[in-house]
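*Asks:* Provided below are the primary sequence and the corresponding predicted coordinates.
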Amino acid sequence: MRNFFKLSMSNQEGYTLVDGIIQLSVLMLFSQVFAVTVGWTNKVEESITNPLDTEWALFVQNVETYLNDIDSLIIQKEQPGIRLKKGGEEYDIELYQNLIRKQKNRLGHEQMLLHVKSIAISIEGQILHFSVDFSNGMEKEHTFYVKFRSE
């Protein structure tokens, strides 16, 4: 056993072609794993930090606050959107140029959702369906439940 250690210690052949091939193979394997991991993390980051999703969620939440205890709801044809009456006030949520805006009593201009190309609105009973096409080609949909004031 002792002779074996002496032999291997005195082996001075140096760096061989087999050693180089093994090390190059390991390097190629790790570089491929690294490239796939970087690509995957970029896709995950884009899906998590997409600002359009956050803006859409805020828009939906904002519209939902206006659809409780309303007196009437009308779908506008000439200016695509809805007009609702609530507590003696009239609110318009409509498409204006490339955004969806809110007006109170047909005055003012509060931006609710930006970069909008078109909207489609339909109502069936107490179900209001909103579909929005954005300038970048994305489409978002949401269905609202409308609560009318009971007297």
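*Replies:* Cool, the structure landed. Numbers count the residues shown, from 1 in each chain.
*Asks:* Please, which helix or strand holds the most centrally placed residue in the chain?
*Replies:* Among the residues of the chain, the one closest to the centroid is residue 53, at 2.9 Å (C-alpha atoms, centre = their mean). Secondary structure from DSSP states H and E places residue 53 in helix 51-66.
*Asks:* Give me the buried positions along that helix.
*Replies:* Across helix 51-66, burial judged by 16 or more other C-beta atoms under 10 Å covers 55, 56, 59, 63, 66. The way it works is simple: take the backbone N, C-alpha and C, and place the C-beta from them, glycine included.
*Asks:* Please name the residues that touch residue 120.
*Replies:* Counting by C-beta atoms under 8 Å, 6 or more residues apart in numbering, residue 120 makes contact with 80, 130, 131.
*Asks:* What subset of the residues you listed is buried?
*Replies:* By 16+ other C-beta under 10 Å, the contacts of residue 120 give 80, 130 as buried.
*Asks:* I'd like a version of the contacts of residue 120 in CSV, one that adds secondary structure and distance to residue 124 as further columns.
*Replies:* Shown next, in CSV, are those (DSSP: H, G, I helix; E, B strand; the rest coil; distance: C-beta to C-beta, whole Å):
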residue, secondary structure, distance to residue 124
80, coil, 18
130, strand, 13
131, strand, 14
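*Asks:* which one among the contacts of residue 120 gets closest to residue 19?
*Replies:* Comparing the contacts of residue 120 against residue 19 with C-beta to C-beta places residue 131 closest, at 63.1 Å.
*Asks:* tell me which residues form a beta bridge with residue 92?
*Replies:* Per DSSP bridges, the residues bridged to residue 92 are residue 83, residue 103.
*Asks:* count of residues packed around it?
*Replies:* For residue 92, the count of nearby residues is 20 (other C-beta atoms under 10 Å).
*Asks:* That one reaches residue 80, doesn't it?
*Replies:* No. In this structure, residue 92 is not within contact of residue 80 by C-beta atoms under 8 Å, at 10.8 Å.
*Asks:* The helix holding residue 53: how far from the chain's middle?
*Replies:* In terms of C-alpha atoms, centre = their mean, to the nearest Å, the centre of helix 51-66 is found 11 Å from the chain centre.
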